Every structure is written in C-alpha cells, then in structure tokens.
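Colleague: Structure for this input, please:
(chains A and B)
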Amino acid sequence: MKFLITFFTALLAFPAWAQEDALVDLPGYVDFGSLQEIYGEPTVEIAVGKSLLSLVASFSASEDPESAELFKRLLGVRIHVFENPAMPASGLDHVKEISSRLSAAGWESVVTVNSKDEQVRIFMKINGEEVQGITVMAVEDDEAAFINVIGNLNPAELERVMDNFEINLGDDDEDEDADADEDA
Amino acid sequence: MSKNEQNDFSDLEAQINALLDGELDAEATAELKAAAAEDSRLAQAIVEAWQLQKGMDDLRLEKAPARLTRALKRIPREQKAASRKAWLGVPRWAAATGLASVCVVALAMMMNLSGPAPDDASSTPRVASGPGQRQDDELRAERARQDLVIAFHYLDKAGFRVGKEIHEVLQDEIAAPVKDNLIKHIPYTEQSRKEKQA
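Modeller: Got it, this is the predicted structure:
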C-alpha cells in the first residue's frame, strides 16, 4: 500500500518538464529557446500532454462534450508567462528570432501586431488540411506570454470551448475601473 | 443505509478529517488505528482521504498570478454583464471573436475547412475502475483542467489584444465591410492558392 501511495503521490507531483519532454518531437511543437535567461523566473509554466488532455476529455465528456472532443484531438498545451516590471529589450529581439525560425520551418504567420507597447505574433502550422499547432507570442511592457497549442485545432471550436470554460476577454485596468464603479 | 449507519459514517468521517488535520487526541487516534487494523474498508478510507488531501495540497503549489486570480474572480459577474452589452465598447465582431475569428479567416484562406477533423479514438485514456485510482485520475484531470483554464485565459488575452488592435487601426465604420469582403474573397483566394500549388 505504501508503494501505491508513493506512486500516486509522485504522479500528482509529476513536473511540467516531464510533460514537455513528451511533446518535443511533435510537428506542432515550438522550441521557445532559453526564455528564463531573458525574462527571469516564469510566473506561470504549464505543459499539459496528450495523456492528461485525454483524461480531461474523458471526465468532461458528459457535461461538456464539445470541450471533450477538442481535447481528444489536442496533443499538448504549453504556456510560459513572465510578469516582469522591467521587460528586457532583448525580449523583442527574441520574439523576432523565434518568428524567423518558425517561418523557415513552414509555420504560417497569421497575425502580427507591432505597436509601441506590445508585440503579438500568432503562427499556425498546417499540413494539408490538418492544423498541427498554433503558437502565440505576446510581449508587452510588464508581461510576456508564450503559448503553444499542439494538435488538430479548429479556432472556431476553440472559441466555443473558451466560452464553456467561462473565460472572458479582459483588460485588467479597465476591469478594475469597472470594479471601482460597481463598488461605488 | 439506516440512520444509525449514517451517523456512524459521519462520525468516522469527522474522525478521519480530524486525524489528517492533526486535531485528533492520542486516545482517539489509537482507537481509530485499532479499528482500521481490523476493518480494511476503514483503512482504505483513511488512505484515500490522505491521498485526496495530499492531492489538494499539491494543487495549491501552483499559484496563479495575482492579475489572473483577479480576472478569474470577476468572471461570473462579467459573464452576466457580457450578455447585456457589448464588452467595454469594443465592437462585437472584434471582442466576440478575438483570436479565434482572426485565425479562422487566415486558416480558411490557406486550407479547405469543409472536412471534419479526424477523431483520435485511440487517445481515450484508461480510466481506472478502482475507487482509489479513479479518485486519483479525477484529481489529475481537475488539475489539468485548471492548467488549461489558465492557458486558455492567456490565449484569450492575446486574442483580445489582436481584436483591439484591429479595431483601433480599422475603426468601426470600415471594419465590418473589410471583414465581409475578406470572407467573400476567401473561396477565390483558396482557389488561387491551390492553382499556384498545382
């Protein structure tokens, strides 16, 4: 019994890097390079692999079949977020370097936003009629987010799943204003 | 289950919780241990409760950033507000679609979306039949689901930025016509791409 307890505890504490290792060889995987050397310690670091996605799909099949269908087709979801009040200038160069590498590797640039205070890049990897991955890099003054969704993903479906997850589009500053108004 | 059995079960549950919280005195602890030594179901219940507590403790290790926590706390109210009005004045087409619609347009330009995506039946995982293992799977699934909520939040945020930027550049008046024209143009663009590839 002790062995089982230890085993399950180890499973629960299974680190994100182990999930990440399993994703490296997938065509929709993106190597973001040494993010920590540029941005410091991540605020959020998540790697959900195929086995966990399938598990979530199984448990959500009855109450949320749409999400379950999407999760079945996903192979991995990775995210690195850095909240840093002094975002390094090399951060933008890093985004450009990854963008060049992705373009060279056959990723399609879907959206590029270059504004004074933020850079957003969205890439998609497509093979025939199948999406193999979506990558989002968003860098602003105090936050950088690197997202890589691996698998056959229909963006319209993703939007519906986001709705089911009750995630709202948001801008914190404006939200806080709304909070203040409501409190008043 | 009779009322007496229910009461006994509640007492045991309270004792197990107190044991795990370190609040059970030495005498009661000894009694519970003795009972568990003779009752394998009670022993299993204690082990499962411990596993659950350990799992919940592990869940708390990954603390969400303060900005995300605030944003998630606001979700219920915002969901109600969103149904009443367009979100913060951002045009509906930009706010509602965000990343997804931008990707759809781009994707449709590059490929034919008519065929349904293949379903990977082989990805169905093993779901344990034993209660303890199922509990463990549920914990893992819940933790992964929370991770996905966080990941999708940031995807959503990036989509919102993109939608906002497009709105600022194109403005309301021309945004809709441009979008309409683009969508109407997609079949020809796709045809042209295929011809070029051929």
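Colleague: So A:Gly28: helix, strand or coil?
Modeller: With DSSP: H, G, I helix; E, B strand; the rest coil as the basis, the three-state label of A:Gly28 is coil.
Colleague: so it touches A:Lys125, yeah?
Modeller: Yes: using C-beta atoms under 8 Å, A:Gly28 is in contact with A:Lys125, at 5.1 Å. All C-beta atoms are positioned from the backbone trio N, CA, C, and that covers glycine.
Colleague: Find residues that contact each of these two.
Modeller: Common neighbours of A:Gly28 and A:Lys125 are listed as A:Val131, A:Gln132, A:Gly133, A:Ile134 (criterion: C-beta atoms under 8 Å, 6 or more residues apart in numbering or on different chains).
Colleague: what about the last one, how many neighbours?
Modeller: It stands for A:Ile134. Using other C-beta atoms under 10 Å in any protein chain shown, A:Ile134 has 26 other residues around it.
Colleague: Ok, B:Glu23 next?
Modeller: 10.
Colleague: can you tell me the helix or strand for it?
Modeller: Using DSSP states H and E, B:Glu23 is not contained in any helix or strand.
Colleague: Could you grab the helix/strand/coil label for A:Met137?
Modeller: Of the three states, A:Met137 takes strand under three-state DSSP.
Colleague: swap that for A:Ser67, sorry
Modeller: Going by three-state DSSP: A:Ser67 is helix.
Colleague: pLDDT value on it, please?
Modeller: Per-residue pLDDT puts A:Ser67 at 79.
Colleague: and what of A:Val30?
Modeller: pLDDT, A:Val30: 93.
Colleague: Name all residues that make contact with it.
Modeller: A:Ile98, A:Leu102, A:Trp107, A:Phe123, A:Gly133, A:Thr135, A:Asn148.
Colleague: Within the helices and strands, which one has the residue nearest to B:Leu155 when sequence neighbours are not counted?
Modeller: Spatial nearest neighbour of B:Leu155, excluding adjacent residues (C-beta to C-beta, 6 or more residues apart in numbering or on different chains): A:Ile147 at 5.7 Å. According to DSSP H and E, A:Ile147 maps onto strand A:143-151.
Colleague: picking that back up, more crowded one of A:Gly28 and A:Lys125?
Modeller: Legend: neighbour count by other C-beta under 10 Å for A:Gly28 and A:Lys125, higher for A:Gly28 (25 against 22).
Colleague: and the nearest residue to that one once chain neighbours are set aside, which of the three is it?
Modeller: Of all residues not flanking A:Gly28 in the chain, A:Gly133 sits nearest, at 2.3 Å (C-beta to C-beta, 6+ apart). The three-state label given to A:Gly133 by three-state DSSP is strand.
Colleague: tell me, how many neighbours does A:Gly133 end up with?
Modeller: Neighbours around A:Gly133, by other C-beta under 10 Å: 27.
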